[in-house]
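Visitor: Show me how the following folds:
(4 chains)
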4 protein chains.
Amino acid sequence: MEGTIVLNGRDLTIEEIAKVARDRVKIEISPDAMKRVEDSRRLVFDLVESNVPIYGFTTGVGWNKDKVVFKDFFQEYNINLILSHCVAAEPEASEEETRAVMLVRLNALLVGATGIQPDIVIMYKDLLNHGIHPVLPERGSVGEADISNCSHIGLAMIGEGEVYYQGEKVGARVALEKEGLEPIVPGPKDGLAIVSSNALAAGEGALILQEVKELLEIADAIYALSLEGLNGNLSPLDPKTHEVRPFPGQAHSAKKVLEYLEGSYLHSPNWKRSVQDPLSFRGSVHIHGSVRDALSYVEEYLKIHINSSDDNPCVILDERRMISCSNFEVTSWVIGFEMLGLALSHMSKTACHRTIKLSSPEFTKLPRFLSPADNVICFGTIQKTFTSLDAEIRHLSNPATADFFSVAGDIEDHASNAPFVVQKTRRIVDNLRYILGIEWMHAAQAVDLRTDINLGKVTKELYNTIRTEIPFYHKDRNLTIDIKKAYIMIKSGLALQTIREAEM
Amino acid sequence: MEGTIVLNGRDLTIEEIAKVARDRVKIEISPDAMKRVEDSRRLVFDLVESNVPIYGFTTGVGWNKDKVVFKDFFQEYNINLILSHCVAAEPEASEEETRAVMLVRLNALLVGATGIQPDIVIMYKDLLNHGIHPVLPERGSVGEADISNCSHIGLAMIGEGEVYYQGEKVGARVALEKEGLEPIVPGPKDGLAIVSSNALAAGEGALILQEVKELLEIADAIYALSLEGLNGNLSPLDPKTHEVRPFPGQAHSAKKVLEYLEGSYLHSPNWKRSVQDPLSFRGSVHIHGSVRDALSYVEEYLKIHINSSDDNPCVILDERRMISCSNFEVTSWVIGFEMLGLALSHMSKTACHRTIKLSSPEFTKLPRFLSPADNVICFGTIQKTFTSLDAEIRHLSNPATADFFSVAGDIEDHASNAPFVVQKTRRIVDNLRYILGIEWMHAAQAVDLRTDINLGKVTKELYNTIRTEIPFYHKDRNLTIDIKKAYIMIKSGLALQTIREAEM
Amino acid sequence: MEGTIVLNGRDLTIEEIAKVARDRVKIEISPDAMKRVEDSRRLVFDLVESNVPIYGFTTGVGWNKDKVVFKDFFQEYNINLILSHCVAAEPEASEEETRAVMLVRLNALLVGATGIQPDIVIMYKDLLNHGIHPVLPERGSVGEADISNCSHIGLAMIGEGEVYYQGEKVGARVALEKEGLEPIVPGPKDGLAIVSSNALAAGEGALILQEVKELLEIADAIYALSLEGLNGNLSPLDPKTHEVRPFPGQAHSAKKVLEYLEGSYLHSPNWKRSVQDPLSFRGSVHIHGSVRDALSYVEEYLKIHINSSDDNPCVILDERRMISCSNFEVTSWVIGFEMLGLALSHMSKTACHRTIKLSSPEFTKLPRFLSPADNVICFGTIQKTFTSLDAEIRHLSNPATADFFSVAGDIEDHASNAPFVVQKTRRIVDNLRYILGIEWMHAAQAVDLRTDINLGKVTKELYNTIRTEIPFYHKDRNLTIDIKKAYIMIKSGLALQTIREAEM
Amino acid sequence: MEGTIVLNGRDLTIEEIAKVARDRVKIEISPDAMKRVEDSRRLVFDLVESNVPIYGFTTGVGWNKDKVVFKDFFQEYNINLILSHCVAAEPEASEEETRAVMLVRLNALLVGATGIQPDIVIMYKDLLNHGIHPVLPERGSVGEADISNCSHIGLAMIGEGEVYYQGEKVGARVALEKEGLEPIVPGPKDGLAIVSSNALAAGEGALILQEVKELLEIADAIYALSLEGLNGNLSPLDPKTHEVRPFPGQAHSAKKVLEYLEGSYLHSPNWKRSVQDPLSFRGSVHIHGSVRDALSYVEEYLKIHINSSDDNPCVILDERRMISCSNFEVTSWVIGFEMLGLALSHMSKTACHRTIKLSSPEFTKLPRFLSPADNVICFGTIQKTFTSLDAEIRHLSNPATADFFSVAGDIEDHASNAPFVVQKTRRIVDNLRYILGIEWMHAAQAVDLRTDINLGKVTKELYNTIRTEIPFYHKDRNLTIDIKKAYIMIKSGLALQTIREAEM
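Guide: Numbers count the residues shown, from 1 in each chain, chains lettered A, B, ... in the order given. Modelled structure (predicted):
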């Protein structure tokens, strides 16, 4: 959380993005990266002098690529470009997300393939380090690239539009002045350099990957507690079974769950339990493992993205050329997010079915709906709640990436819908917090209804944590409140903190 | 807007629901309806006395239907039932929506098939007329019925939970007291009567139908203005073509568009225009007509719903019986909402393609992107904005109604997801406001670029209205602001008001 | 089956289409309809003489509408038009379907809004009455209109391509000669008149509606038998409950099911049975009713289509004009098919859950998986079969109607995908035959395991019919064979015939 | 193609599966693998003797796991298990696919974690090497595992059911006798070992991966020819641009396309061409690269699957234990197939848009619809054909993996729908053959309309190949025939062979 992260355009990680975005860790730019930026800026000017027409530099962009931009109008043209590319729609990205977006764009600029003015590079750093966060409406992009949105960062940089600063929404110019920063003066290609980037989707996407990682730890731990609630069989966690079936994700989850259950009564062989639990229990680590497998694909490709250039045209420093290209095509990882959504949909269904089983005497030998007494309804209705949230997840997991049509004079006849795909994944994650929260409520209630059992090293603490906010259900009460509390304990990081501290 | 609406359980309309919900028109209950309520309450007590076991009355509900509820515990049991059925998740319904929900439930009670305590019926009326609106989280129901949510209305009635009152969120008891109302004391079956209703989906659904109706008028009028922007051909509006193809919706839209264009230069034959415009223009009234056709299906079935009973068991007054049934099954109109969403998706695509055409010199003979001058970018990027919003609509139009699984001891093995289906239709409608707003911006700009043309009776006013907020685009500016303004003019009712006043 | 159907362009029904398509009932053309055809042909020639340019007549079609077609080249141009519009892909429509397609096109021509050569109208009749069925590949159309496919009917008419005739695929010319028919000589507008029609989707669609109607009778009857297998409660069928909830479809199904169960032991009150069965049983007629409700929408709009003109331009006889229009837009009923698919998906899920319940001792008090003895596995695995077929239905019920992009120089920027939507509905229906067949197997087995029970008037015969092919399951056997047999008994019409004969 | 493939359960590749399945390459089993099989069989018997209850061995399966199977009934029970698990539905897998299925199952058995009778292992080998292919209906499995289908292989092994043999469908017993093979006599666990496997999905899936690989080569080459048809810009293929954006797939495709274009006129700088082509051209290798990236994920996980055990319970030889587990959970690669389908949907759209561009004078400077003369319609209608096939692909790319519900007494409450997901991917691939075939037709026509151009090393041969079957379009003709020819040239392997031979 402390310290400073040095950016070089080459090795930024998802975790570091989360730190800068959430914890406002300060950043620096490595000197060699800054040199690349300066070199490529110089190259661009050299090329302009030699009268090579350069897309978005001495020409218009998109369908207007046939129009010439004359030197005298570089500043005006680039300001106009920023203004006219402000075509986004609400809602706004959170401040955390805006930070991630700026960070991702900044890191890509350090590759040295953009040809942007070095002062603007420094402005990204300054906005981040000074906590000035442009208002960033997050809809309006088809993902080729996020020009409708990233333009709003440029807007703040030239002192227009609004920003979040010190917890308030103020005019960009006000915030810059308060921090002693000068607005930028965009020169040639700077407009395009600012707007033409997939940073919205990549930045928001990076934060979501971090959230999925954290959710996986929580899901594994709650599953472990549910196993104790069920008096379930541990055999599917046996490391040997994962050796004969070496999918990496399932082995990882199995290992974690066994750790969480260290010391649990489930290791004791003399309990009456089923030879084989329902698939939702028996296959939990396999399904959670599939989320891990999908995640590893997305992370691999998103990390390549974040540490390379999505600019068009791109500057090739060593060959002193600029090349028109399509490097803003991000389909490889956008489809990965779609896959990840499907994996999360499987995880959601598994959590739902585990929770249903915890309410079923046939499987638990505990009272129906985990009711503590005959005249208490307890969890008799709540199955509709998580089922309906799961139906939303099923709906969100429908793909959107290939739904587009030709725009801009039929020149832009491909799209990825990257931001929307990322944003719907974010909603899947959020629904899962509710669903896992409700499972947690059930698992704790089931554990309470058993007596004389030892919980595992981690599951014990997880149980204790939920009981700090949500007491044993002994008589009927408003469960909407409990549902929200459980959700918040997951959303706020409390559940994760409990697990990690107990693990040590 | 003025006057009072008298409810009788038989003829409540979508328009009346909108009036009560939005304009807070007062309601009364017709005496014969109140008599039915009282008679059926009396019948229920008679049946209880005769020791016939009645579901949800002398028995538990759902899987607990095998449990007996004894008379001494009627009040406690019914309060517990309300509490334990509070299992919803945020976001909250708007106050307007909560009003629609209460109104719909109230009207169904007047059918006399519920057996509810008459005082509770009056409480619904009082909450509405006194402007006390229970906080109503709108997720958590699978649509069989909306028990997770409607319970929150019961919560307020017994003086628990929170309500919106005079613009603030306060404790229910506080608001009741301020208005001199006594909390209800639930007796037998009252808990079930309050919670077991599809009123959430039906109430929210009714408001959405009203919004779709209004949106259709706006869409027809903006299309008319776009026709003027394009210098389009009126022949597909010819009434004779709709006589040889008598789909009701398309004829209706064609008639309206011709009205809106009364006096327009488009009627003048001596203009150079295309024999056949692109399908997005030529088929607009056909597509808008399909929305009308779909709407007429949904409205027909939703009106049946709203004016009949979804209670189980239902009281048959004339035969003095109670019958266990499945009248909370609402699939017939839920699939109608799914169809309506698809129709709206078609309408969205048509609006998008019309807007693209307005930017295309090939079709308009106007400058590319409707730019007023050579160095102005104008609408060069905005096509991504509406395309991405359309992609969201395409995604929202995926069905969700049949995604469920067995809950409650496998007894509840069917669901309709009515609330979610309705709520996603609401989001489609909202996105369309942006898309039509952007078309409106284009149509006005195109009209401005033509000189010496007469606009139609209605389109002229529609043009004037947008120009009160959004000036001619003569130099590049932040369009995110214009997009939001156009959206608000549609959302606020201003566009509709303009059209209706001009029509007279 | 007997008799001749007289066409007049005004009142053709779904049932009649089925008769002509399936049973090869002969057709005639009413004299007044033929007169309209002749009059409109004459009008078209008059208009050409007056030098009004007419789309597709004296001009090219689509993007080529700017090209002129001179009179001397009318024949060549129209033959070229037919040839170049043969751009379809396999599979082929069945002969039944091809008949329905030709019939639907013929009937629309009789409206008199086409301007086609009367000899070609007669050729449609002749092909039908002589049993000459052009090979008709059924893919390649986006539904605006089915020009890629209908062209193949024109191909046969000019003596090109292949046809099915007397059970064999032969050259079109050969078949025409054998039946003493002359190939047509296309004149002006004839090419367009032949190809520009939605007859593929409308014809196939009409047959599917007929299949859905028949399937509903079967589904109601099998549900009735399942009720007897379950020893289920009849209360949700009570006509009074449908009076308080007057959705038309559910009342219809409830009435039928009660008829099918006339005389059944279920009417006897002294059996031990549940107060409320699971929703899949309790709500069956409501869900089947939703299919009926959706069907009534589609049928209403498809019938309008079939008895009106989808021609562009259309001839207005009484005003002696031709008008360019968009009457080939069929979104209104295409979205109806999408809705119908969703309704069928609900029906499928309900059948699956009923079948699961029939295997569950908890609900039937019969042996697990309806096994006749302890060492017999019986229906222990078959739940995967119908579940997987239901998953296919869920997938097929995803919409496709709004997935298109601009073609033909951006002029054709709307589409309905009518044929594909119809064809995927056909596959849903076919999968349902398997699923209902498997339910039938279960219901019969359950009935056999009960002794001393009286079946209903119709269910008894339904039981007897399945037992003619599929015996009681007393020891383990290859069920793939039984599944196919049950499917065939439904597909062949045997089940329906049984039901209808028993009903009388 | 010649030679023999030695199986050891560890390193079977997709290419080898294709060779055995398609080219009927013979197989052998490595001695150490056979030893593992024998050792694990012995271990299983030892465990039975020690009276440890073993799932599916001394107990029933699924919900019947609570039933005991006594030793005397091992044979009868296991035959019954095979019979009663025959619960599949048509269509049948092709013989190639059946071979892949058997091969995949055989290889997994060699891991030594099954405990199957060694004679049955040899029977798999014999069926493959003798060309006896059980009739294998391919529907009826939810993917946990493919027990409904794999049972049919067991059926043939015990001499029941039917097989394809020497090109005919004959009784299994007949074929076995002709080849001198004895039916197997199933002992303990053999029934479960035969049926409980995901081999249907994995085997069919492996063949599809091979088809996708081949399709990618074809797509890259046809794109290259289209570039020549367009006179397109090569800059997005520049290796330097892929160095600054190192997604592996796009670099691979770019390299191939440059190879295919060796010697092409496109390398000549003095041609008038656009600075930036439409995204469908500029981003082709990026999109094809995304298919490659998705493919690499699926292949990685499917290969793990194919070379490991999906058995439950699994035998752990080194620890002399059997462990109940969930290793038949295949979600990790099933979601990969869903992602691959999305990637293919993107590739399809790109091919469609490229083809549209080839018909557009604005982009090619060639005649509209590539028409050779003014009165020839040429490719004026065919855009509907590929658009509609693309709409099918869009529909097929909707996910199906998470659509399931609890079966088997709620014990099987998870599923992957692996076979259906794989089978719908197969249909996507098949549709793409049509779409790429039509692009090929356009590219060749465009190239013909240019004169004096040199084609690339590979594109030249690709051009020559299509011209052997489909001549230059000089006057209107039935294009349905051409479409099918182009499809067949791709499907048959001719296109691929042309490319590969030209590459050398």
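
Visitor: now the strands for chain A?
Guide: Taking DSSP state E, the strands of chain A run over residues A:4-7, A:26-29, A:89-92, A:132-134, A:137-139, A:162-165, A:168-171, A:314-316, A:321-323.

Visitor: winner for burial among those strands?
Guide: Among the strands of chain A, ranked by average contacts under mean count of other Cβ atoms under 10 Å in any protein chain shown, first place goes to strand A:132-134 (a mean of 26). Where you see a C-beta, it was placed from the backbone N, CA and C, and this is true even at glycine.

Visitor: Report whether that one contacts chain B.
Guide: No - figure legend: strand A:132-134 not in contact with chain B (Cβ under 8 Å from any Cβ of the partner chain); closest approach 11.7 Å.

Visitor: where does chain A have low pLDDT?
Guide: Across chain A, the ranges flagged by pLDDT under 70 are A:1-2, A:63, A:69-71, A:270-271.

Visitor: Would you enumerate the residues in contact with the residue nearest the centre of it?
Guide: Residue closest to the average C-alpha location in chain A (Cα atoms, centre = their mean): A:I208, at 1.0 Å. With contacts taken as Cβ atoms under 8 Å, 6 or more residues apart in numbering or on different chains, A:I208 has the following neighbours: A:337, A:422, A:425-426, A:429.

Visitor: Also A:H267?
Guide: A:H267 sits next to A:234, A:261 when contact means Cβ under 8 Å, 6+ apart.

Visitor: again, but for A:H130
Guide: The contact partners of A:H130, taken as Cβ under 8 Å, 6+ apart, are A:179, A:181.

Visitor: where's it relative to chain C, distance?
Guide: 45 Å (Cβ to the nearest Cβ, to the nearest Å).

Visitor: try A:P137
Guide: When Cβ to the nearest Cβ is the yardstick, A:P137 and chain C sit 26 Å from each other.

Visitor: Spatially nearest residue to the residue in the stretch 251-400 of chain A that chain C sits nearest to (excluding sequence neighbours)?
Guide: Taking Cβ to the nearest Cβ, chain C has its nearest neighbour within the stretch 251-400 of chain A at A:N398, 7.8 Å off. Counting by Cβ to Cβ, 6 or more residues apart in numbering or on different chains, the nearest residue to A:N398 once its immediate chain neighbours are dropped is B:N398, at 4.5 Å.

Visitor: Confirm for me that that neighbour is in contact with C:P399.
Guide: Yes - when contacts are counted by Cβ atoms under 8 Å, B:N398 is listed as touching C:P399 (7.0 Å).

Visitor: between the two, which one's more packed in?
Guide: For the pair B:N398 and C:P399, the greater number of neighbours falls to C:P399 (27 against 22), based on other Cβ atoms under 10 Å in any protein chain shown.

Visitor: how about the more buried one, phi and psi?
Guide: The phi and psi torsions at C:P399 (degrees, to the nearest 10) take the values phi -70, psi 160.

Visitor: my read: it touches B:S397, true?
Guide: Yes - between C:P399 and B:S397 there is a contact at 6.4 Å, judged by Cβ under 8 Å.

Visitor: residues shared between the contacts of the two?
Guide: When contacts are counted by Cβ under 8 Å, 6+ apart, C:P399 and B:S397 have B:L342 as shared neighbours.

Visitor: does stretch A:40-59 come close to chain D?
Guide: Yes - with Cβ under 8 Å from any Cβ as the measure, stretch A:40-59 is seen reaching chain D through A:53, A:55, A:59.

Visitor: Show me what counts as buried in that stretch.
Guide: Buried residues in stretch A:40-59, defined by neighbour count with 16 or more other Cβ atoms under 10 Å in any protein chain shown: A:40-41, A:43-44, A:47-48, A:54-59.

Visitor: shouldn't A:G112 be in contact with A:D39?
Guide: Yes - taking contacts as Cβ under 8 Å, A:G112 lies within contact range of A:D39: 6.6 Å.

Visitor: Those two: which has the busier surroundings?
Guide: In this view A:G112 and A:D39 are compared by other Cβ under 10 Å, and A:G112 has more residues nearby, 27 against 17.

Visitor: With adjacent residues omitted, what lies nearest to the more buried one?
Guide: Closest residue to A:G112 apart from its sequence neighbours, by Cβ to Cβ, 6+ apart: A:R36 at 3.0 Å.

Visitor: No further questions, thank you.
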